[in-house]
Each structure stands twice: as structure tokens, then as C-alpha cells.
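[1] Quick one, what's the 3D model for this:
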Amino acid sequence: MKLTQHVNQGRLVYLSNTEDQITISENKHYRWLAFDDVIQSVMHLRCPSKLTLPHQYAALMPLLFFRPNKVIELGLGGGNLSRFLSALQPNMTILSIELSQTVITCFKRYFNPQQHPIIIENSEALEWLQQSQLSTTPAADWLICDIYQHHAKSFQSRVVLLTALIDNLQNNACLTINLPDLDDHEINLCLTILRQLQSSHHIIYFHIPRYLNVVVHLLPKHWIIDNLKKRSKSTYLSPIQYLRWRKLFSHHMSAN
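    Okay, here's the model as predicted:
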């Protein structure tokens, strides 16, 4: 059954009374989180660590090339990426920065049934990034930015966030950004800005068919991304996962 059919058959299990109307619905197979009636996360109830939306695979493509030890995710949502990473490698340190205390509460109650040890900090992403620059704490080797933003947010605010992300990106680390609901002009502007701000990384991106997502990756220049081996030793992925994801990776576009 297609996911849209599951959504149409769902029952409401939670409704927030906050400015961002947050709802949680479910049927016997899935549970999903929506902001203002826009679905953000979908969890498979029988296998909570399973990825359920196409852009999530695109977002995790760097796993083909390295074994991250510390991941910082800006935007928790329903925690799909965090659950997958924690199940893939339990020793991985995962820190999620989330502005909404309601979202954090919902994640703990409805979207972490296996109690993965995900560290969550209640903070605004830009503020956290600016403070992180002054911190002596070891930087992450993977920054993932997947933040829900209102349509009312200005494009300039996205530019400020992109700049802060680059300022926190180490030469040997990678950065992943999910850009939802932007038109082609805005996407090209974002890619141009990233090229101007950062020259020490490959910049690649994925258009997600039938979805409004563009997933951008900044990968260290020393990574060999154009000649993927049949099986890499530098990955947590299983052999079957690696081969499938390698095929998906071939659909990336370069912004360099």
C-alpha cells in the first residue's frame, strides 16, 4: 500500500495547542508527525529505525564514504535520521538541536520506542551554531541540517543559517542540508552562496522526484566520490545496503 493511502487511513493520537499546529497520527503500520498539516516524519511501527521517505536516503549518502563518530543534527522532528544512525552504530554520538520543546516531548513519547541514546538540546539552530563557534568542545564530523521553516521566513534568514553552518564546518567533516519548498532560483542562489563560502569541499545535490526537497552535501575534497568501489571498508552499511545506495548515489548532481 502506498504511503499516501496509509496517511488517509490514520487516526489522530496527539494535537498540540501551540502556534505551530503539531499533530501525530497513526494506523496499524505507521505513525507520523505533521506541522501545519505538512507531514515531516513517518515511523514504521514494526521497524522504527527503517527509513520511510525518499529524501532520507539522499540525506544519508555520506555513509557510503566514512564512519562518523559524532553527528550533530539541527532539527529533530520525528527523529528518523537519528533512529537509523543509532541503530546502524550504537556507539555513534548523536546530538540533536531542536527549538520546540513540544517536538522534543513528542519524540520522547511517540518516536523513540527503542530508547536510543540520542542527546537532545532545546535550542534555536542559529543561536546554537554561533555559540558552538566559541566552544572548545570537539566539533562534529557530520553536520545535518533539516529544519522546518515557515513560509514567512525570509530567504535572507536561510542565507544567514547557511553562513553559520559553513563557519562550523571543519575541513575533514561533511555537511548535509535539506532545502524544502524552494523554487529553482532560490536553490541556485543557495548553491552559489555555498560555493563562495566553502572551497575545500565537493558540493553535490539530489533532486528528490515528486517531492519538494533538494538535499545538498558538502563532502571533503579528499573523498573519492566518482569511483565508488564494490564494497568499501569505510562504511557502517551492510553489503546489500552499500550496493543499493551506491546506485542511488549515481543520480547526484555536482555544484562545483
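[2] Could you list the low-pLDDT ranges of the stretch 1-150 of the chain?
    1-8, 133-137, 149-150 (pLDDT under 70).
[3] go with 80
    Residue ranges of the stretch 1-150 of the chain with pLDDT under 80: 1-9, 17-20, 133-138, 148-150.
[4] same deal with the stretch 151-256 of the chain?
    Using pLDDT under 80, the stretch 151-256 of the chain drops low at 151-155, 181, 229-233, 256.
[5] State the distance from residue 53 to residue 244.
    Distance of residue 53 to residue 244, computed by Cβ to Cβ, to the nearest Å: 16 Å. From N, CA and C alone the C-beta is placed, and that goes for glycine too.
[6] Looking at those two, which is more packed in?
    A direct count of neighbours by other Cβ atoms under 10 Å for residue 53 and residue 244 places residue 53 higher, at 18 against 13.
[7] I figured that one was touching residue 42, is that so?
    Yes - the pair residue 53 / residue 42 is scored as a contact, 6.1 Å apart, by Cβ atoms under 8 Å.
[8] Now do the buried residues in stretch 82-97.
    82-86, 88, 92-97 (16 or more other Cβ atoms under 10 Å).
[9] Which single one of those is nearest to residue 64?
    residue 88 (12.7 Å; Cβ to Cβ).
[10] could you pull out the helices for the stretch 151-256 of the chain?
    155-167, 184-197, 239-249 (DSSP state H, counting those that start in this stretch).
[11] what's the nearest residue to residue 46 if we skip its chain neighbours?
    Closest residue to residue 46 in three dimensions, ignoring its sequence neighbours and counting by Cβ to Cβ, 6 or more residues apart in numbering: residue 29, at 7.3 Å.
[12] Look up phi and psi at the one you found.
    Reported as degrees, to the nearest 10, the phi and psi values for residue 29 are phi -110, psi -40.
[13] Perfect, I'm done here.
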